[in-house]
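Colleague: fold the following and give me the result.
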Amino acid sequence: MTETEAAPAAGSGDPAAPAPGHGSGHRPASRAAFAALALGALGVVFGDIGTSPLYAMRETFDSPHHVIPLNETNVFGVLSLVTWALIIVISIKYLMFVMRADNRGEGGILALTALIGHKRDGVVNVRWVLVLIGLFGTALLYGDGMITPAISVLSAVEGTRLAAPEMDRWIVPIAVVILIGLFAVQPRGTGKIGRVFGPIMVVWFATLAVLGVVNMLKHPGILAALNPGHGIQFFLENGTQGLLALGAVVLVVTGGEALYADMGHFGRGPIRAAWFVMVFPALLLNYFGQGALLLDDPSAIENPFYKLVPEWGLYPLLILATVATVIASQALISGAFSLTMQAVQLGYSPRVKITHTSDKEAGQIYVGAINWALMIACIGLVVGFRSSTNLASAYGLAVTATMGITSVLFYIVARERLGMSKPVALLLCGGFLVVDVGFLVANIPKIPDGGWFPLVIAALVFTVLTTWATGRHLVRDHIGRDRAPLREYSHAVQQDTTLDRVPGTAVYLFSTPALTPPALRLNVKHNRILHEHVVVLAVVTEGVSHIPANERVEIVDHDGGIWQVIGHFGYLDEQNVPELLADPAIAELGIADLDQVTYFLGRETVRVTDREGMVIWREHLFAFMARNSTPAANYFSLPTRQVIELGVRVDL
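Modeller: Below is the predicted model of the structure:
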């Protein structure tokens, strides 16, 4: 395990800044590695969507937001909608198309936003609006990441009511204990968790399939629900109530966006294989089994999933379901980690500690601050809502809104990156958007009963992301007012005969290549010295996830022992400056001993003023985040005894 501090990409005094670039993809080295990743994906990526059978059918027929009579026509109609939702949204939209829009192997709505944001076509306002929409979609996923563990665990533990009604008062405490345990194991990393969870999920999906088949044998005609005509008939029969029922049907595809966000942990191929070979068939069989059960026994709607088994099988299924729902939470937790690192490296969030939990898969990371914040939020949701039915009112809105945003952003990427013609891209993304909007509209009535929660969380996260990006832009502009080009400055100091050239190497880290770091100017101005070897280092975070080692270093000689070095990194690469300086191309500059190098960093002290820029409360928020972000020296793995920081006051 290695630890880094992810650095903000757009800071004026931070050495990292985003720029378009290129990197490497995510490819398993062998068939064995591919199989291992597919197994891990079962345990991490598909836990959320894989446990939807616990509550989706129940909420469709037994919900306070709509009235759907439990009869044969509606059972067939709902099963048809479930089937085609899984086919269109997951199999076609995400697995066949959206996952092609990867940023060098990394997925998620923020990676999609990065692909759009770095396009320069003169349509600045439109691009900025699209980036803001993408950021809001990212913010929505954090709300989803809080709700998923809570509703998943609660829905499983609620099965104890069927076996032991007297356990009802213990459901919430048990769920809280399980959640604490889940978040406590996160530091072990998604790879290790996936190896443990994967085999369990194989048993889970096999159980789903068997239970479905056993109950389908009683009504084999239920397979007729594969015909999409039954879904159309459902809407004709139920009108507005049928449309509102989509707010519950969408529960079968929750986890789709997390599936995309987790792509960097396991890769596109293993995720696709796991879905089509095991997950998709098992889910369909189980939903159809529940439908067959409801045709036989309408009273089973109380909890159709647990009613699939005879009384003797209830406790084993309850235990397995509880474990599976713990696993279900992993997809959103891992996705939140990936989104956070991307946000930090792309300049939308202050630095946070990132722990790399695998030396083989760069996408497998752990973010402690996010982990514990999610845990507190999940416990609060369980205690506050107290049942999965209540939480279902909060669930779905964030997912459907994010899915709609993904469809909009994917249109741009499909045209510019995947080479689709305009008619094809419009037809494809328009079709996806119709489905997304249908689900979104059906979830709007849930807002007063809990749907407000993910919207509030999204608004808070969106405010943080945009405030940090705007604040860093203002700081950069403030410091840049009296900045001099590095070539001109280096020529001037070489002509200054009053300066002392002292032995050794000084490395000045600064975000903007070709400009003079404030730390260099302050050191020369006040100390009147210039080291024998001066390296001005800009660590540039590219708009892709990884950069090959042989494409990482760029050197410009400014004569007189002064060099500009640009280190190119992807936003998921570990940015270790001492390792970068050990590159043979840089070693030729005369850096004999890295242990003797002195590193100079600029550090801004932000002061809130009434100047034009941001509103006062956002300036205070930015100043707070700036004070509490992790020092850049820690992220770049600089030896603390060799670091000198020179401060600059910035008035916002």
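
Colleague: where along the stretch 401-550 of the chain do the helices fall?
Modeller: 422-443, 452-480, 486-495, 518-527 (DSSP state H, counting those that start in this stretch).

Colleague: deepest of the ones you listed, which one?
Modeller: Among these, helix 452-480 has the highest mean neighbour count (mean count of other C-beta atoms under 10 Å), at a mean of 19. C-betas here are computed from N, CA, C, even on glycine.

Colleague: can you give the strand pairings for the longest strand along the chain, parallel or anti for each?
Modeller: In the chain, taking DSSP state E as the definition, the longest strand is strand 529-542. Using DSSP bridges, the strands paired with strand 529-542 are strand 16-19 (parallel), strand 500-509 (parallel), strand 562-569 (parallel).

Colleague: just the buried residues of the longest one, please?
Modeller: Spelled out, that is strand 500-509. By neighbour count on 16 or more other C-beta atoms under 10 Å, the buried set for strand 500-509 is 505-509.

Colleague: between the residues you listed, which is nearest Val153?
Modeller: Val153 has its nearest neighbour among those in Leu509, at 44.8 Å by C-beta to C-beta.

Colleague: what's the least confident stretch among the strands paired with strand 529-542?
Modeller: If you rank those by mean pLDDT, strand 16-19 sits at the bottom with a mean of 41.

Colleague: next structured bit after it?
Modeller: Counting by DSSP states H and E, the element after strand 16-19 in chain order, helix or strand, is helix 31-44.

Colleague: for Pro199, which of the strands paired with strand 529-542 is the nearest?
Modeller: Taking C-beta to C-beta, strand 562-569 is the member of the strands paired with strand 529-542 nearest to Pro199, at 35.8 Å.

Colleague: how about residues contacting the helix or strand following that closest one?
Modeller: Next in sequence after strand 562-569, counting helices and strands by DSSP H and E, comes helix 577-581. Residues outside helix 577-581 that contact it (C-beta atoms under 8 Å, 6 or more residues apart in numbering): 507, 509, 535, 537, 539, 552-553, 567, 586-587, 591, 594, 597, 599, 636-639.

Colleague: again with stretch 59-79
Modeller: Residues outside stretch 59-79 that contact it (C-beta under 8 Å, 6+ apart): 57, 222, 224-225, 230-231, 233-235, 237-238, 241-242, 244-245, 247-249, 251, 287-288, 291, 294-295, 298, 301-302, 389, 392-393, 445-446, 449.

Colleague: other SSEs contacting the host helix or strand of Ala248?
Modeller: Per DSSP H and E, Ala248 falls inside helix 229-249. The contact analysis (3 or more C-beta pairs under 8 Å, 6 or more residues apart in numbering; DSSP states H and E) places helix 229-249 against helix 56-61, helix 72-85, helix 422-443.

Colleague: could you dump the ones you listed into TSV with mean pLDDT and distance to Leu317 added?
Modeller: TSV is the format used below for the helices and strands packed on helix 229-249 (pLDDT from 0 to 100; distance: least, C-beta to C-beta, whole Å):
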stretch	mean pLDDT	distance to Leu317
helix 56-61	90	15
helix 72-85	95	21
helix 422-443	93	29
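
Colleague: re the thing from before, the strands paired with strand 529-542: which one's closest to Val475?
Modeller: Val475 lies closest, by C-beta to C-beta, to one member of these: strand 16-19, at 12.4 Å.

Colleague: returning to what we had before: can I get the helices of the stretch 401-550 of the chain in TSV with distance to Pro281?
Modeller: Shown next, in TSV, are the helices of the stretch 401-550 of the chain (distance: least, C-beta to C-beta, whole Å):
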stretch	distance to Pro281
helix 422-443	22
helix 452-480	31
helix 486-495	61
helix 518-527	60
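
Colleague: looking at the ones you listed, which is closest to Thr609?
Modeller: Using C-beta to C-beta, the helices of the stretch 401-550 of the chain put helix 452-480 closest to Thr609, at 10.7 Å.

Colleague: elements contacting that closest one?
Modeller: Here helix 452-480 touches helix 124-157, helix 397-416, strand 598-607, helix 616-628, strand 643-651, going by 3+ C-beta pairs under 8 Å, 6+ apart.

Colleague: just to revisit the earlier point, now do the helix holding Ala248 and helix 422-443, the angle between them.
Modeller: Orientation note: helix 229-249 sits at an angle of 60 degrees relative to helix 422-443 (axes from the mean of the first three to the mean of the last three C-alpha atoms, to 10 degrees).

Colleague: which phi and psi does Glu574 have?
Modeller: With angles defined as degrees, to the nearest 10, Glu574 sits at phi -80, psi 120.

Colleague: Phe337 versus that one, what's the distance?
Modeller: Relative to Phe337, Glu574 is positioned 15 Å away (C-beta to C-beta, to the nearest Å).
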